[in-house]
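Asks: pasting a predicted model and its sequence here:
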Amino acid sequence: MTMTRRLLLPLVLLFVLSGCSANQTGQQADAGTLPSIDRSAYAGVHAQLDKANAVIVMPVDTYEANADESMVITAANMYIIEDCMKKAGFAMPEKHGDLDVKADQSYGIWVPEFAAKYGYERPIVRTIPGIYDSGTRESPQATVKKYFECDTSTSGDQIPAFRSRVAGQDSLLTNIVNDSNAVAERDVAWKTLREAWIKCLGDAGINMREDSPDAWVPSYPADKQGEIRTALQDAECKNRENTMQGLMDIRAQYQTALIAAHQAALNTLADEKAAALGRAKDILRQHGHSGL
């Protein structure tokens, strides 16, 4: 789940969204520290793959702020900082813009339509309109300095991001994502799916990269048409071998097992996320944003 901000967007969100960040492979845990998990009890759990938008929805996403919710939280935090600056007699520096949501290609290209058009480039699949706009189009040094001071002084009042890539209150999500990824990638079924994909590529004359044999992108020609041909074959192999659904189901099953082991804490986190979003929407309504 990557999204990039246009112009000078809020510095409160210090992560890059990806169609879904919980879907990133993340930092790998040492095999000796990994939990022992039997995923057989969760064989009926499946990841949701949206091919039209190259979006992968995983069980842990329930407890995370998605792209739209992140925009709401970010905008609310900007108003908290803005109120601090106004009290000090400063205008906010230039902060505004939309959020571009890019295709989730954490495990390489898998949507043939995108492969045919973009090759291995990660396309923008939708754009979320910006909510906060400081109304200024300049950023004097003194104003920027005050912005950082207000950002620091109001940090306790700001709303947490609720992303697994952000340490702190939601660090349990980080552990669940990282551990489930690491255990999944050591699963025999995972290795079988990967080997079938690599064989399919090899049968089509496509080799894995020698400099990065564990990557999810094979070697491809430097010219764009050659890249597109390879990407199309890559996506076809993943579809033929059911690679993406199979891999993501394994991840989803391990995630669900870890979620079950920490359900009480995650229920609390879900309640906190709902309360945080409610507060964020209240702040936006107080600043003239209706219909939230």
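Replies: Cool, got the structure. Everything numeric in this text was worked out from a predicted model, so none of it was measured.

Asks: so what's Trp190 up against?
Replies: Residues near Trp190 by C-beta atoms under 8 Å, 6 or more residues apart in numbering: Ala184, Leu247, Ile250. All C-beta atoms are positioned from the backbone trio N, CA, C, and that covers glycine.

Asks: count the neighbours of the first one for me.
Replies: It stands for Ala184. 22 (other C-beta atoms under 10 Å).

Asks: helices of the stretch 151-292 of the chain, start to end?
Replies: 171-185, 188-203, 224-240, 243-261, 263-286 (DSSP state H, counting those that start in this stretch).

Asks: so which elements touch the shortest one?
Replies: Yep, that's helix 171-185 we're talking about. helix 243-261, helix 263-286 (3 or more C-beta pairs under 8 Å, 6 or more residues apart in numbering; DSSP states H and E).

Asks: of the contacts of Trp190, which is the nearest to Leu201?
Replies: Closest approach to Leu201 among the contacts of Trp190 (C-beta to C-beta): Leu247, at 15.3 Å.

Asks: that closest one contacts Tyr107, doesn't it?
Replies: Yes - counting by C-beta atoms under 8 Å, Tyr107 is a contact partner of Leu247 at 6.2 Å.

Asks: the more surrounded of these two?
Replies: Leu247 (25 against 20).

Asks: could you check the pLDDT of the more buried one?
Replies: Note on Leu247: pLDDT of 98.

Asks: got a markdown table for the helices and strands packed on helix 171-185, with distance to Pro59 too?
Replies: Shown next, in a markdown table, are the helices and strands packed on helix 171-185 (distance: least, C-beta to C-beta, whole Å):
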| stretch | distance to Pro59 |
| --- | --- |
| helix 243-261 | 5 |
| helix 263-286 | 10 |
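
Asks: quick one: closest of those helices to Asp151.
Replies: helix 263-286 (15.7 Å).

Asks: tell me the mean pLDDT for the closest one?
Replies: For helix 263-286, the per-residue pLDDT averages 94.

Asks: can you list contacts of that helix?
Replies: 62-65, 69, 72-73, 75-77, 79-80, 131, 159-160, 162, 169-170, 172-173, 259, 292.

Asks: now, of the residues you listed, which are buried?
Replies: 63-65, 69, 72-73, 75-77, 79-80, 131, 159-160, 162, 170, 172-173, 259 (16 or more other C-beta atoms under 10 Å).

Asks: quick check on Ile109: phi, psi?
Replies: Backbone torsions of Ile109, given as degrees, to the nearest 10, read phi -70, psi 140.

Asks: for it, give me its contacts.
Replies: Ile109 sits in contact with Ala115, Gly119, Tyr120, Val217, Ala231, Asp234, Ala235, Lys238, where contact means C-beta under 8 Å, 6+ apart.

Asks: tally up the residues packed near the first one, please.
Replies: Look at Ala115: counted by other C-beta under 10 Å, it has 24 neighbours.

Asks: which non-adjacent residue is nearest it?
Replies: Leaving aside its sequence neighbours, Ala115 sits nearest to Ala231 (C-beta to C-beta, 6 or more residues apart in numbering; 3.8 Å).

Asks: residue contacts, that neighbour?
Replies: Counted by C-beta under 8 Å, 6+ apart, Ala231 has contacts Ile109, Ala115, Ala116, Tyr118, Gly119, Tyr120, Tyr220.

Asks: which one (most neighbours) among these?
Replies: Ile109 (26 neighbours).

Asks: most packed of the helices and strands packed on helix 171-185?
Replies: Neighbour counts (mean count of other C-beta atoms under 10 Å) averaged over each of the helices and strands packed on helix 171-185 peak at helix 243-261, with a mean of 22.

Asks: what angle do helix 263-286 and that helix make with each other?
Replies: With axes from the mean of the first three to the mean of the last three C-alpha atoms, to 10 degrees applied, the angle from helix 243-261 to helix 263-286 works out at 100 degrees.
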